[in-house]
Structure formats: structure tokens, C-alpha cells
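K.L.:
model this:
(one chain, ligands or ions: 1)
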Amino acid sequence: MHLDDALRQGGFRRWYERQLIEGHVWLVTAFLALIMVAIALEVLDFRGSRAGVLALAAIVVAGLALVAFAVRRFHLLLGRAEQLAEQAVCGRCRSYGRFDVVQGHDAPESLTGRSVRVRCRGCAHEWQIG
Ligand SMILES: [Zn+2]
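P.N.:
The predicted structure is shown next:
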């Protein structure tokens, strides 16, 4: 879903809250995957069967890949949420997160991939976020 669609659907504060929740779900996923890796390393016995060692080594590698992916997602989501939170303040009346979406368009250089024109609900000032 595009950023402007998500903002239209539930507003900025709801979008922000969802980014934080999803980001922290990825953080918990990374932590659980790290525990999985630690357990696999703990039970790894090189004197055991070759198939058992390979299976545990595969679990370690997959767990480390999951940790890296989850930590990256966590940072991406929180970074994006923080960047948009800084832009969500009206330049005229200083109200936070109280705006309507006017229009959005693709902006590959933006962290969100979209540039969204918004209008303050308090004073009708317009600015760009994304
Ligand atoms: Zn305003």
C-alpha cells in the first residue's frame, strides 16, 4: 500500500503507530532467532552424526540470516517513521500529525518511495512529506 493511501485510510498517527508496532515485531523476531541460534550452537556436537551437524549448522546459518533481515527491517521501519514524524508538523500553526492528504506521487529518491502533498486541518497550510 502506498504511503498516501495508508495516510488517507487511517491518518498519520495510526500509520505511525503501525510502523512502530511492525518494527518492534521485527525486533522480537530478531531476538527469538538469536535465541534459536544460541540453542543450536549449544547442542551442536561435532562428534555426533554428520547429518545432525549439518542440520544444526543449517539452523545456525538460517537463524543468523533471519536476525540480519529482521534487524534491517526494524531499522528501516523506525527510520522511516521517525523521518515522517519530523515532517508531520505544520509549518504555520505547529500542529502535529493533523493533516489531510491532497495528492501523492512516486518519488524514488524518498525513503518511503512516495512524496505526498498534505494540508493542515487547522490552518489549511500545505506542505510536502515523504
Ligand atoms: Zn497548520
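K.L.:
from here on, contacts and neighbour counts on C-alpha atoms
P.N.:
Will do.
K.L.:
residue numbers of this protein in contact with the ion?
P.N.:
Applying C-alpha under 5 Å from the ion, we find that the chain lies next to the ion at 90, 93, 120, 122-123.
K.L.:
contacting residues for Glu44?
P.N.:
Glu isn't right for residue 44; it's Leu. 53, 56-57 (C-alpha atoms under 8 Å, 6 or more residues apart in numbering).
K.L.:
hang on, Arg98 packs against Phe12?
P.N.:
Yes - using C-alpha atoms under 8 Å, Arg98 makes contact with Phe12 at a distance of 7.4 Å.
K.L.:
which helix or strand contains the residue most central in space within the chain?
P.N.:
Centroid-nearest residue in the chain: Leu77, 1.9 Å away (criterion: C-alpha atoms, centre = their mean). Per DSSP states H and E, Leu77 falls inside helix 50-87.
K.L.:
tell me the buried residues in that helix?
P.N.:
By neighbour count on 16 or more other C-alpha atoms under 10 Å, the buried set for helix 50-87 is 53, 56-57, 59-60, 63-64, 66-67, 70-71, 73-74, 76-81, 84-85, 87.
K.L.:
I'd like the next helix or strand past that helix.
P.N.:
Following helix 50-87 toward the C-terminus (DSSP H and E): strand 99-106.
K.L.:
direction included, what does that next one pair against?
P.N.:
Here strand 99-106 is paired, per DSSP bridges, with strand 114-120 (antiparallel).
K.L.:
neighbouring contacts of the partner strand?
P.N.:
Contacts of strand 114-120 (C-alpha under 8 Å, 6+ apart): 2-4, 90, 95, 98-108, 125-130.
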